[in-house]
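Enquirer: Sequence and computational prediction follow.
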Amino acid sequence: MAEQVSPLLIKRYASRRLYNTETSDYVTLEDIAGFIREGREVQIIDLKSGDDLTRQYLLQIIAEHESRGENVLPINVLSDLVRSYMEPGGGVMPQFLQASFDMLRDSQSKMMENMTSMNPMAQIPGFEAMKSQQEAFLKAMTGGFGNAWPTAGEGGDGENSTDGEDLAAIKRQLADLQEKLSKLK
């Protein structure tokens, strides 16, 4: 696991301009989305009040992408999110979402480990460079979730039973989470 890097500090000035404290320049919401896609944590602070505005800006980034037709969140998920705000204490939605994303990240890591350790092509000179290019391509094409899906020859077509077992385990975990969620209702 990589060591934790402190969040990139972005300061919002009274003019509502956003200032990257690492590079000493102004950034846009799209720049901030790019930092996040690259795996960087960000923290957005109001310069005058010191308030943490990170959540507000992250929601704004999602809303802008959704309004441009880059729909990632289905209507029923958005409706469930709105409903969760109406429940006392926020309901179980935040914990469910956190557990789901944690599970997704874990399975991405396992899949990448399996791809490297169990793939006979890993012995071919230049394989690491090809793998890095493929990971970058998948990440760019799927907004950071590219490592969650197998590519041709890596279990998507049944060639590697480990990936099938991983997928079955993920499905079981998701079913367990859904069952727990339905019991909480």
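Expert: Received it, and whenever you're ready, just let me know what you need. Not measured: the values here are computed from a predicted model.
Enquirer: Do a quick rundown of the strands in this structure.
Expert: 8-12, 18-20, 25-27, 42-46 (DSSP state E).
Enquirer: tell me which strands and helices the first one is in contact with?
Expert: If I follow you right, that is strand 8-12. Counting contacts by 3 or more Cβ pairs under 8 Å, 6 or more residues apart in numbering; DSSP states H and E, strand 8-12 packs against strand 18-20, strand 42-46. Bear in mind the C-beta positions are built from the backbone N, C-alpha and C, glycine included.
Enquirer: so what does the last one touch, helix or strand wise?
Expert: The reference is to strand 42-46. Counting by 3+ Cβ pairs under 8 Å, 6+ apart, strand 42-46 packs on strand 8-12, helix 29-37, helix 54-67.
Enquirer: 10 Å instead?
Expert: Applying 3 or more Cβ pairs under 10 Å, 6 or more residues apart in numbering; DSSP states H and E, one finds that strand 42-46 contacts strand 8-12, strand 18-20, helix 29-37, helix 54-67.
Enquirer: orientation of the third one relative to strand 8-12 in degrees?
Expert: Relative orientation of helix 29-37 versus strand 8-12 (axes from the mean of the first three to the mean of the last three Cα atoms, to 10 degrees): 160 degrees.
Enquirer: can you state the direction angle for helix 29-37 and strand 42-46?
Expert: 140 degrees.
Enquirer: how about helix 29-37 as CSV, C-alpha atoms only?
Expert: Taking C-alpha atoms only, helix 29-37 is exported to CSV below (Å, rounded to 0.1, in the frame of the first residue of the first chain):
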residue,chain,number,x,y,z
LEU,A,29,-13.5,22.5,-10.8
GLU,A,30,-12.4,20.3,-13.8
ASP,A,31,-8.8,20.6,-12.6
ILE,A,32,-9.9,19.4,-9.1
ALA,A,33,-11.8,16.5,-10.7
GLY,A,34,-8.6,15.6,-12.5
PHE,A,35,-6.6,15.6,-9.3
ILE,A,36,-9.1,13.2,-7.8
ARG,A,37,-9.2,10.9,-10.8
